[in-house]
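**Student:** Need coordinates for the below:
(2 chains)
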There are 2 protein chains.
Amino acid sequence: MDHSIQTVAIIGAGNVAQHLAKGFMDNGIRISAVFSKSGDSAKALAIETGARLVNKLVDLPPVDLVLVCVSDAAVAEVLAEIPEEFQVAYTSGSVELQTLPHRENLGVFYPLQTFSKVKEVNLFEVPFLIEAVNEECAQALFNLAWKLSRNVRFASSEERKKLHLGAVFVNNFTNHLVFLAKEYLEQQGMDWELLKPLLKETFEKIQINGPYDAQTGPARRNDQVTIHEHLSMLKTNKKEIYDVISRSIGNTYNSNDNK
Amino acid sequence: MDHSIQTVAIIGAGNVAQHLAKGFMDNGIRISAVFSKSGDSAKALAIETGARLVNKLVDLPPVDLVLVCVSDAAVAEVLAEIPEEFQVAYTSGSVELQTLPHRENLGVFYPLQTFSKVKEVNLFEVPFLIEAVNEECAQALFNLAWKLSRNVRFASSEERKKLHLGAVFVNNFTNHLVFLAKEYLEQQGMDWELLKPLLKETFEKIQINGPYDAQTGPARRNDQVTIHEHLSMLKTNKKEIYDVISRSIGNTYNSNDNK
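**Tutor:** Residues are numbered from 1 along each chain as shown, chains lettered A, B, ... in the order given. Next comes the predicted model:
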């Protein structure tokens, strides 16, 4: 029995849908149909992929996989509308497979990456986390991911949720700290571009030294004079964040618990 | 009158001293002497640069500049021991020029970058911030920095302090968030390497989209269900940091004040 997925219908037309659709096409997987509530972007994606634009989920043509690339909150609702005969997977990091109504062939096809409209992403390095309600479906999804990436793993919903939490720290929170630095300097009439070489080096250094050894600065060396001076320069959310992270750094390096 | 600095004595033998010494040598500036309280690293730096190792600051040979590359807290003390006839500069971001005892020729030569032992840094892109007690000294330091970098500016102590505060967010704090994600996943028995492609993309995306537009995730889309679930998975410092940053992201995107 050949479980190889050759044709896919894509539900959704956001960043994940677009990047995966491109990855599939580049690797010989055919996009047979596209459905999205936001008509315009679905139309664009359908044209780009040569797929049929479907207006109702009951009108989906026969495909090897229906891939649901919608927001976490919409997954259950969309799944309920897809006819039972289809093999289905969704791309959400935080929706647990067990919480969804049972279907014969249902799985998770989760790329652990942030996708944006304007930037290409090298899918070959992106971790894909696979889970499914049965072994056959899991294997079919694994093989499909393997056509896009050399970083494919099986992961339970619980593991996926933990990775998603880590991803929030590594992506959302670091990004916000850079935003706060930019906002602060701009409010002070200064050129935040001066921090860009440091930003670049910061992330190269993490890759090489790891984040524990890479740490420097007032909180690491327990320089309370500088910390208090900095706190006096800040207000509201920036002050609160400066305080809580500095204390966390202090506790990390002044106790031996976390080494 | 030629203010060009051709010979330098380096005080200190840490990461900043080593990277700047290498930059000077690569650009035809001679390191005439090295002094450091930590004898071994100073000896190594002296050998590497062909400089004389000096055991007392009163024994410094004649040089165009004495560059003090010591920690913020030690700057004043070291300056007090350097004979008055020398032109002196220090590399600290947070020590204000006005707070130091007056000398005839004193300035600041501050590279806005994080330096580490194991990693080369391209000095040519590093912003150097220059300040001095007189115009002539400022110009000499500017010209010296210009030999290393194409990103040299004059900046007051107040401006330098604000940039240093921004640098703490962009470097120290982002680095710590990555550490916390790594620590969390390792405590859960998981492979934090899975987050590395995301980490890489995060910082490329900031460069391209800017940190405001690059933001995604539960806090940005005000997904309180996921936020509460994540908070329930965390304890102590990680929980506190998750909470305060998520609220800050929420306020950034749910009000129009910060756009």
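
**Student:** can we go C-alpha only for contacts and neighbour counts from here?
**Tutor:** Will do.

**Student:** which is the next helix or strand following the worst-scoring helix or strand of chain A on mean pLDDT?
**Tutor:** Within chain A, confidence by mean pLDDT, DSSP states H and E is lowest for helix A:39-49 among all helices and strands, at a mean of 92. Helices and strands here follow DSSP states H and E; after helix A:39-49, the next one along the chain is strand A:52-53.

**Student:** What strands line up against that next one, and which way round?
**Tutor:** strand A:30-35 (parallel) (DSSP bridges).

**Student:** List the contacts of the strand it pairs with.
**Tutor:** If you take C-alpha atoms under 8 Å, 6 or more residues apart in numbering or on different chains as the criterion, strand A:30-35 is touched by A:6-13, A:21, A:24-25, A:42, A:45-46, A:49-57, A:60-61, A:63.

**Student:** try 6 Å
**Tutor:** A:7, A:8, A:9, A:10, A:11, A:46, A:51, A:52, A:53, A:54 (C-alpha atoms under 6 Å, 6 or more residues apart in numbering or on different chains).

**Student:** what comes up buried for that strand?
**Tutor:** A:30, A:31, A:32, A:33, A:34, A:35 (16 or more other C-alpha atoms under 10 Å in any protein chain shown).

**Student:** Please apply the same query to stretch A:228-240.
**Tutor:** A:230, A:231, A:237, A:238, A:240.

**Student:** export these to CSV and tack on pLDDT, distance to residue A:249 and secondary structure?
**Tutor:** Listed next are the buried residues of stretch A:228-240 as CSV, based on pLDDT from 0 to 100; distance: C-alpha to C-alpha, whole Å; DSSP: H, G, I helix; E, B strand; the rest coil:
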residue, pLDDT, distance to residue A:249, secondary structure
A:230, 96, 15, helix
A:231, 98, 15, helix
A:237, 97, 18, helix
A:238, 98, 16, helix
A:240, 98, 14, helix
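
**Student:** Show me which residues of the stretch 101-250 of chain A are close to chain B?
**Tutor:** A:113, A:166, A:169-171, A:174-175, A:177-179, A:181, A:198, A:202, A:211 (C-alpha under 6 Å from any C-alpha of the partner chain).

**Student:** Kindly list the main-chain dihedrals of the residue positioned nearest the centre of chain A?
**Tutor:** What sits nearest the mean C-alpha location of chain A, by C-alpha atoms, centre = their mean, is residue A:113, with 3.8 Å. Note on residue A:113: its backbone torsions stand at phi -160, psi 160 [degrees, to the nearest 10].

**Student:** any idea how far it is from residue B:59?
**Tutor:** 58 Å (C-alpha to C-alpha, to the nearest Å).

**Student:** still on that earlier bit, rebuild the buried residues of strand A:30-35 as CSV, extending it with pLDDT.
**Tutor:** Converted to CSV, the buried residues of strand A:30-35 look like this (pLDDT from 0 to 100):
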residue, pLDDT
A:30, 97
A:31, 98
A:32, 97
A:33, 97
A:34, 97
A:35, 96
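
**Student:** from those, which two are the most distant?
**Tutor:** With C-alpha to C-alpha as the measure, no two of these lie farther apart than A:30 and A:35, at 14.9 Å.

**Student:** can you map out the helices along the stretch 51-200 of chain A?
**Tutor:** A:75-81, A:135-148, A:157-167, A:174-187, A:196-214 (DSSP state H, counting those that start in this stretch).

**Student:** and residue A:139, how many residues sit next to it?
**Tutor:** Per other C-alpha atoms under 10 Å in any protein chain shown, the neighbour tally for residue A:139 reads 17.

**Student:** quick one: pLDDT of it?
**Tutor:** Residue A:139 is assigned a predicted lDDT (pLDDT) of 97.

**Student:** Please tell me how far it sits from residue A:4.
**Tutor:** On the measure of C-alpha to C-alpha, residue A:139 and residue A:4 end up 9 Å apart.

**Student:** Okay, now stretch A:55-70: how far is its last residue from its first?
**Tutor:** 16 Å.

**Student:** re earlier: could you check how far the residue nearest to the centre of chain A is from residue A:135?
**Tutor:** Residue A:113 is 25 Å from residue A:135, by C-alpha to C-alpha.

**Student:** Just to check, the residue nearest to the centre of chain A is in contact with residue B:198?
**Tutor:** Yes. Counting by C-alpha atoms under 6 Å, residue A:113 touches residue B:198, with 5.1 Å between them.

**Student:** can you list the weak-confidence ranges in chain A?
**Tutor:** Counting by pLDDT under 70, the ranges of chain A that qualify are A:1-3, A:255-259.

**Student:** Setting aside sequence neighbours, what's the nearest residue to residue A:237?
**Tutor:** residue B:248 (6.0 Å; C-alpha to C-alpha, 6 or more residues apart in numbering or on different chains).

**Student:** Tell me the buried residues in the helix or strand that contains the one you found?
**Tutor:** Applying DSSP H and E as the criterion places residue B:248 in helix B:236-254. By 16+ other C-alpha under 10 Å, the buried positions in helix B:236-254 come out as B:237-238, B:240-253.

**Student:** out of everything not next to it in sequence, what's closest to residue A:164?
**Tutor:** residue A:93 (6.0 Å).

**Student:** Check the gap between the nearest residue to residue A:72 once chain neighbours are set aside and residue A:178 for me.
**Tutor:** Distances taken as C-alpha to C-alpha, 6+ apart put residue A:92 closest to residue A:72, at 5.8 Å, once the chain neighbours are dropped. Computed as C-alpha to C-alpha, the residue A:92 to residue A:178 distance reads 26 Å.

**Student:** and those two? which has more neighbours close in?
**Tutor:** For the pair residue A:92 and residue A:178, the greater number of neighbours falls to residue A:178 (28 against 24), based on other C-alpha under 10 Å.

**Student:** Now that the more buried one has come up, it's in contact with residue B:168, right?
**Tutor:** No. Residue A:178 is not in contact with residue B:168 according to C-alpha under 6 Å; the separation is 9.9 Å.

**Student:** Distance check, the residue of chain A positioned farthest from its centre against residue A:247.
**Tutor:** Centroid-distance maximum for chain A: residue A:225 at 39.2 Å, with C-alpha atoms, centre = their mean. Applying C-alpha to C-alpha, the value for residue A:225 to residue A:247 is 14 Å.

**Student:** do the same with residue A:42
**Tutor:** From residue A:42 to residue A:247 the distance is 47 Å (C-alpha to C-alpha).

**Student:** Any idea how many residues pack against the nearest residue to residue A:230 once chain neighbours are set aside?
**Tutor:** Setting aside the residues directly before and after it, residue A:230 is nearest to residue B:165 in space (C-alpha to C-alpha, 6+ apart), at 6.4 Å. For residue B:165, the neighbour count with other C-alpha under 10 Å is 24.

**Student:** just residue A:100 next, same as before
**Tutor:** 14.

**Student:** Show the backbone phi and psi for it.
**Tutor:** phi -90, psi 150.

**Student:** Likewise for residue A:215?
**Tutor:** phi -70, psi 130.

**Student:** Could you do residue A:235 as well?
**Tutor:** Residue torsions, per degrees, to the nearest 10, at residue A:235 are phi -130, psi 160.

**Student:** and the residue nearest to residue A:96 when sequence neighbours are not counted, how far is that from residue A:67?
**Tutor:** Nearest non-adjacent residue to residue A:96, counting by C-alpha to C-alpha, 6+ apart: residue A:157, 5.1 Å away. Separation of residue A:157 from residue A:67 (C-alpha to C-alpha): 17 Å.

**Student:** cool, residue A:41 as well?
**Tutor:** Taken as C-alpha to C-alpha, the span from residue A:41 to residue A:67 is 17 Å.

**Student:** Neighbour count for these two, which is higher?
**Tutor:** A count of neighbours by other C-alpha under 10 Å puts residue A:67 above the other of residue A:41 and residue A:67, at 23 against 16.

**Student:** That's all I had, so thanks and see you.
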